[in-house]
Structure formats: structure tokens, C-alpha cells
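Novice: structure of the sequence below:
(one chain, ligands or ions: 1)
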Amino acid sequence: MAMIFLGVNIDHCATLRQARYREAGATTGGVVEPDPVTFALLAERAGGDGITVHLREDRRHIQERDVWRLRECIGTRLNLEMACTPAMTEFALKLKPEFVCLVPESRQEVTTEGGLDVVGSRDRVKACVEAMTAAGIKTSLFIDADDPQIELSAQLGAPYVELHTGAYANAFHTARRAAEYQRLRLGAVRAHDLGLVVNAGHGINYVNIAEVRTLPHLHELNIGHSIVSRALFTGVDEAVREMKARMNGA
Ligand code: PXP
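Specialist: Below you'll find the predicted structure:
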């Protein structure tokens, strides 16, 4: 089995900071903690293969300043999750992250399961993928593991998809788990057959990873909440090492 890479999503480190320093979080200040950039550097040192952030339109956790600091400081690769809007496209073209992952933010572009509705937002997604490709930025589309979404993602020339594992994670302790797993499995096979690189993410934790890792063709998992939560007790280093070990069968 090929090694699965880990993208560490640090959004929830910023969530904790914003809970106290909503105003100061956007400014310089030594006591503004916890600092997501420090989290990112520790995560890299522990074996994280990339850093993922979602710059939301409402700026509820990660701030623009964080993203610019990450761009300067990190030594792996930056994956910017963003809405498919002209303002975010302009921002990404200036920032030049290695990867952009298009995610839904407005009601019109979200599917029932929570992935990006590529089928319903075809023209906007196409324009964004083309702009990123022309700038040398690789685009991933965060989609449900459904054939129409997967097939159109390939047609639009996105090199990557990130399969939404949220429905599977929610069903983990229910009778629906096997069906959700099967859906992800078939989606991963279909995406791979169409030449897409298969990433996955959302709701992955230290327990369900034992099964998630058995999905075929997985290239990278983007994991945030469980790692940030575990890090509160063990520190970032152990939280990241433990997840990477579990992802790869230890
Ligand atoms: N992948 C994408 C596209 C996301 O938007 C998120 C955050 O919701 C994640 C992965 C990480 O999810 P979690 O924090 O549940 O690990």
C-alpha cells in the first residue's frame, strides 16, 4: 500500500484564538494565542506533509494575515480551501499556494451531503480551475463521492478531488456505515479510473482512520478537528505522529 500523505488542517487552532482575541487576532501581538502558524510549524516537524487552511468569507477562524504568514514560513505545501468566488480567486492568484481546494460556502453551491455542487456551479468552477491551472496552482474539488460530481470534475480538468468523508463519519456508529464506506470506495475507484488524484477529508478521527485508510487509491487525507483536539492533551508533535502512524497502518 502506498504511503498516504497527511494535510494538517489548522483552522480550529484559529477558532480557539478567535474565541478570545476576535479583534486582536487580526493584529500583531505577542499574547495572541494560540498561534496557528506555530501549530503549523510544529505539525510539519512532526511529519505533516502539508498545511491546510480554509479562509472563510466570514473570517470566522483563519485570517488573511495568518495565510500570508504561512506562505512565508512553512516548508511543506500550502493548501488553501476557498469558495469559488471572484474575490477568493483573486486572493489565491496573489498568494500562490501549491494547492487550492474549492469548497462550498453559499447555499446554492452545496449538495445535500455537503460537498461542492460542481454540476450545479459548473461555469464558476470551470473558470476558477482554469485560472488556477494557468497560474500553476493545482486545484482540488471537495465533492461527494457521486458519479456525476466526479465525472464533471474530471471533465473540467481539475487534477484532484477530495472526497467528502463527513457523511461516512456521521454514520460511523450506525447501520449506515457500510453503505457510506461503499459509496466512498466506489467513488475513489471511479475518480482514479478517470485520472483524478484522490484525496479525502472531513470528520476523520483516531478511530475511524482504521477503516478510512483502507479506501483504495488514497493520496492524501486532510484532517483538522481531531488533531487539534488531541494536541490539547498530548501536544502537536504526538497528535500528528499518532495520526500519521495510524493512517499508514501502525
Ligand atoms: N477537508 C475539507 C475540504 C474541509 O473543509 C475540512 C474542514 O471542514 C476538512 C477537510 C477537515 O475536517 P475536520 O476538521 O473534520 O478534520
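Novice: how much space between residue 152 and residue 129?
Specialist: Per CB to CB, to the nearest Å, residue 152 is found 11 Å from residue 129. Placement of C-beta: from N, CA and C, glycine included.
Novice: same check, this time on residue 86
Specialist: Taken as CB to CB, the span from residue 86 to residue 129 is 14 Å.
Novice: tell me which residue is most central in the protein.
Specialist: For the chain, the residue nearest the mean C-alpha position is residue 222 (4.6 Å; CA atoms, centre = their mean).
Novice: and residue 154, how many neighbours?
Specialist: Each residue near residue 154 was counted by other CB atoms under 10 Å, and the total is 17.
Novice: got it, and residue 217?
Specialist: Neighbour tally, residue 217, other CB under 10 Å: 18.
Novice: looking at it, residue 226 is touching residue 246, isn't it?
Specialist: No. Counting by CB atoms under 8 Å, residue 226 does not reach residue 246; the two are 10.4 Å apart.
Novice: am I right that residue 32 is in a helix?
Specialist: No. Residue 32 is assigned coil when assessed by DSSP: H, G, I helix; E, B strand; the rest coil, not a helix.
Novice: which non-adjacent residue is nearest it?
Specialist: By the measure of CB to CB, 6 or more residues apart in numbering, the closest residue to residue 32 outside its immediate chain neighbours is residue 21, 4.8 Å from it.
Novice: check the burial of the one you found by counting its neighbours.
Specialist: 16.
Novice: swap in residue 195?
Specialist: For residue 195, the neighbour count with other CB under 10 Å is 8.
Novice: surely it and residue 154 touch.
Specialist: Yes. At 6.4 Å, residue 195 counts as touching residue 154 under the criterion of CB under 8 Å.
Novice: ok, back up a step: residue 152 and residue 129: which is more packed in?
Specialist: residue 129 (24 against 19).
Novice: what's near enough to touch that one?
Specialist: 102, 139, 141, 156-158 (CB atoms under 8 Å, 6 or more residues apart in numbering).
Novice: for residue 79, state which of these is nearest.
Specialist: Taking CB to CB as the measure, residue 79 lies nearest residue 139 of those, at 10.6 Å.
Novice: ok, the closest one to residue 20 distance?
Specialist: Residue 139 is 35 Å from residue 20, by CB to CB.
Novice: more neighbours: those two, which one.
Specialist: Taking neighbours as other CB under 10 Å, residue 139 and residue 20 compare with residue 139 leading, 24 against 12.
Novice: does whichever helix in the chain runs longest come close to the ligand?
Specialist: When the chain is parsed with DSSP state H, its longest helix is helix 177-193. No. Using CB under 6 Å from any ligand atom, we find that helix 177-193 stays clear of the ligand, coming within 13.7 Å at best.
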